[in-house]
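A.B. asks: Quick one: sequence plus predicted model below, questions after.
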Amino acid sequence: MNAVQPVVSPATVRAAQLKIDKARWWALTNVPFYGSLASNLADGFDSSIATAATDGKKILWNPTKVIEWTEEEVRFVLLHETLHCAHDHFSRLPLNAEGNKAGDYAINWILRNIPGTKMPEGGLLDARFENDAEEEILAALRKEPEEPEEPEGPEGDEPGDQPGDQPGDGDQPGDGDQPGKGPTQPGDQPGKGKGRDPGGCGGFIEPAPDKPDSTLKEDWERNILQAEFVRNSTSQGDCPADMRRILDRITAVSEVDWKQETADFVKTVVSARSDWSRSTRRMATAPVIYPRRRTDSLGTIVFVRDSSGSVSDKTMAEFTGLIAGAAADTGCEALVFDADAAVQAEYRLSQGELPPLEPVGGGGTDFRPAFARVQELVEEGEKIAGLVYLTDLYGTEPDAGTVDIPTLWLCINEQVGGFGRTVRIKDGL
C-alpha cells in the first residue's frame, strides 16, 4: 500500500526553484557546455522522488531535499542529471537500480573535481571505475556478490531498502500502484523496467511515452552538437573530455556513413505501392523536366540542393549522383529542387535520369520556399514520401510545427536542423 505523500508548501517549492535557477545560471557561466545541455531540461517537483530523477525531458526534484542541500550540492545534482541524458543512459543501461548505479559511478567520477560543486552525501564514487564505460561498470557490478538490503549511507541509496525510509517509498511517476519493492518490478527486463530513483545524487527513470529511447538518443545528440556549435561560435570555455568523446562518435559516424544514411532514409520513407494521380498543374519555374505519364507509382522523394554557393562542387556532384542511385534502389520517383533564397529550378526525374550537375542559384539562403513548394505539391495530391536537403544550414528554417514531411538534413558543418534528422558530412571529401 502506498504511503501518504507529505504536503509540501508552495513556499518550499518556490525556494527550491530559486535555488535550482541559481544553479543553472552558475552552470551557464562556469561550465558553459554542461550548462547549455542542462538548459534542455525543464524542472518539476515530486515529493515521492528521494532526491532527483530525470526522464530525458525534465528533472523531477524533491523540493525538501533541494532546500537541505547546499548551493554546491544542487549544482552537482543538476549536472549529474544532465549527464544521465547526455550519456544516453536510457538506452545504454537497464532502467532499474542496477543501471542507475552503473551510470552514477561513471558520471560522478567525471564531475567529482569541478570547482564550485560538491557531491551530496550518499552519492556513489569508486576509483575502481576510473575512466570505465558504463557498460564495463555494469558488468563489474553484476559479478559482485549480492549484499543484504540495507541503506548504503545515512539517506540510503536505494529506495525500498527499508520500508518507509523515503516519502512515497515504492512510487515513481508513471509507476501507478505496482506491487513489490526493490530495484525492479516483477517481470522487469533489463532496459525495459520503469526505473527507480536511487537516492544519493538522483537517477534516471522511464522516458515519457512520447519520447522512446531512440528518439531521446537523437534529441540529445542534437543537443550536444548545438552546445558545441555555441561553444565554437562564442569561444566560451572548453569542451569537457567526456563530451568530446561523444562528439567524436556522433560526427565520425555521420562523416563516414552519410551516403548510406541517405540511402537508408529513402528506403525507410518510401511508402508502399498504391494508385494515385498527380494534379496536371505544374510549377512555372524553369527549367523543369516533366515525368512520363503513369498512374501507379511509389511515393516521390524530394532532394534539395542548396545553390547559394556554400556547398563545394565535389560534394554537390556526389549528392547528385546519389539521387539516381536512391531512385533506382527503391523504384521511387525523384524531384530535385535547386534553392537558395527561392526555388530556382525544379527537375522531376524518372529512373536513370539526372538533373544538371551545376545547380541554379547563387543568392542568399532561405529554407522556407522549398518546404512551401513541397506543401503545395501535397495539396495538389502529390504523394511526397520524404525530403533530403544538402546545405550548410545557415538560413531561415520553417516553423517545425508546420512541417509534417520526414526530413533528412545533410549538413556540411556542425549546425543542426530544428526538426528532422541531421547528418554531418565533410564537404569536399
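C.D. replies: That came in fine, so what should we check first? Numbering: from 1, shown residues only.
A.B. asks: after the strand or helix carrying residue 104, next one along is what?
C.D. replies: Assigned by DSSP states H and E, residue 104 belongs to helix 97-111. Counting by DSSP H and E, the next helix or strand C-terminal to helix 97-111 is helix 134-143.
A.B. asks: buried set for that following helix?
C.D. replies: When burial is assessed from 16 or more other Cβ atoms under 10 Å, helix 134-143 yields the following buried residues: 134, 137-138. Just so you know, the C-beta spots here come from the backbone N, C-alpha and C atoms, and that holds for glycine as well.
A.B. asks: Nearest to residue 246 among the residues you listed?
C.D. replies: Comparing those against residue 246 with Cβ to Cβ places residue 134 closest, at 12.1 Å.
A.B. asks: From what I see, the closest one and residue 106 are in contact.
C.D. replies: Yes. With contacts counted by Cβ atoms under 8 Å, residue 134 reaches residue 106, the gap being 4.7 Å.
A.B. asks: Taking their axis directions, the helix holding residue 104 and helix 134-143 sit at what angle?
C.D. replies: Orientation check (axes from the mean of the first three to the mean of the last three Cα atoms, to 10 degrees): helix 97-111 against helix 134-143 gives 130 degrees.
A.B. asks: just the CA coordinates of helix 97-111, formatted as PDB?
C.D. replies: Provided in PDB are the C-alpha atoms of helix 97-111 (Å, rounded to 0.1, in the frame of the first residue of the first chain):
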ATOM      1  CA  ALA A  97      18.600   0.400  -9.600                       C
ATOM      2  CA  GLU A  98      21.500  -1.600 -11.100                       C
ATOM      3  CA  GLY A  99      21.600   0.600 -14.200                       C
ATOM      4  CA  ASN A 100      21.400   3.700 -12.100                       C
ATOM      5  CA  LYS A 101      24.400   2.600 -10.000                       C
ATOM      6  CA  ALA A 102      26.500   2.000 -13.100                       C
ATOM      7  CA  GLY A 103      25.500   5.400 -14.500                       C
ATOM      8  CA  ASP A 104      26.200   7.100 -11.200                       C
ATOM      9  CA  TYR A 105      29.700   5.600 -10.800                       C
ATOM     10  CA  ALA A 106      30.600   6.800 -14.300                       C
ATOM     11  CA  ILE A 107      29.300  10.400 -14.200                       C
ATOM     12  CA  ASN A 108      30.200  11.100 -10.600                       C
ATOM     13  CA  TRP A 109      33.800  10.300 -11.400                       C
ATOM     14  CA  ILE A 110      33.600  12.900 -14.300                       C
ATOM     15  CA  LEU A 111      32.000  15.600 -12.100                       C
END
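A.B. asks: could you say what helices and strands that helix packs with?
C.D. replies: Judged by 3 or more Cβ pairs under 8 Å, 6 or more residues apart in numbering; DSSP states H and E, helix 97-111 is in contact with helix 71-86, helix 134-143, strand 203-204.
A.B. asks: worst average pLDDT in the ones you listed?
C.D. replies: By mean pLDDT, the lowest-scoring of these turns out to be strand 203-204, with a mean of 72.
A.B. asks: Following element in sequence after it, please.
C.D. replies: As assigned by DSSP H and E, the chain's next helix or strand after strand 203-204 is helix 213-234.
A.B. asks: Which SSE is immediately downstream of that following helix?
C.D. replies: Using DSSP H and E, the next helix or strand after helix 213-234 towards the C-terminus is helix 241-269.
A.B. asks: buried residues in that next one?
C.D. replies: Buried residues in helix 241-269, counted by 16+ other Cβ under 10 Å: 242-243, 246-247, 250-251, 254, 258-259, 261-263, 265-266, 269.
A.B. asks: Among these, which one lies nearest to residue 83?
C.D. replies: Using Cβ to Cβ, those come closest to residue 83 at residue 242, 7.5 Å.
A.B. asks: you'd agree that closest one is up against residue 108?
C.D. replies: No. In this structure, residue 242 is not within contact of residue 108 by Cβ under 8 Å, at 11.9 Å.
A.B. asks: any weak-confidence spans in the stretch 201-350 of the chain?
C.D. replies: Residue ranges of the stretch 201-350 of the chain with pLDDT under 70: 201-202, 206, 208-214, 233, 235, 251-257, 271-298.
A.B. asks: quick revisit: okay, the helices and strands packed on helix 97-111 in CSV with distance to residue 8 next?
C.D. replies: Listed next are the helices and strands packed on helix 97-111 as CSV, based on distance: least, Cβ to Cβ, whole Å:
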stretch, distance to residue 8
helix 71-86, 17
helix 134-143, 33
strand 203-204, 21
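A.B. asks: Looking at the buried residues of helix 134-143, spot the one nearest residue 39.
C.D. replies: Distances from residue 39 to the buried residues of helix 134-143, taken by Cβ to Cβ, are shortest for residue 134, at 23.8 Å.
A.B. asks: ok, residue 368 to residue 399 distance?
C.D. replies: Remark: distance between residue 368 and residue 399 (Cβ to Cβ, to the nearest Å) = 9 Å.
A.B. asks: Between those two, point out the one with more neighbours.
C.D. replies: residue 368 (17 against 10; other Cβ atoms under 10 Å).
A.B. asks: Nearest residue to residue 354 in space, please, no chain neighbours.
C.D. replies: In space, and not counting its chain neighbours, residue 354 is closest to residue 324: 5.4 Å by Cβ to Cβ, 6 or more residues apart in numbering.
A.B. asks: Find the helix or strand that the one you found is a member of.
C.D. replies: Judged by DSSP H and E, residue 324 forms part of helix 313-330.
A.B. asks: where does the stretch 51-200 of the chain have low pLDDT?
C.D. replies: Across the stretch 51-200 of the chain, the ranges flagged by pLDDT under 70 are 147-200.
A.B. asks: Kindly recompute the last result at 80.
C.D. replies: Residues of the stretch 51-200 of the chain meeting the criterion pLDDT under 80: 145-200.
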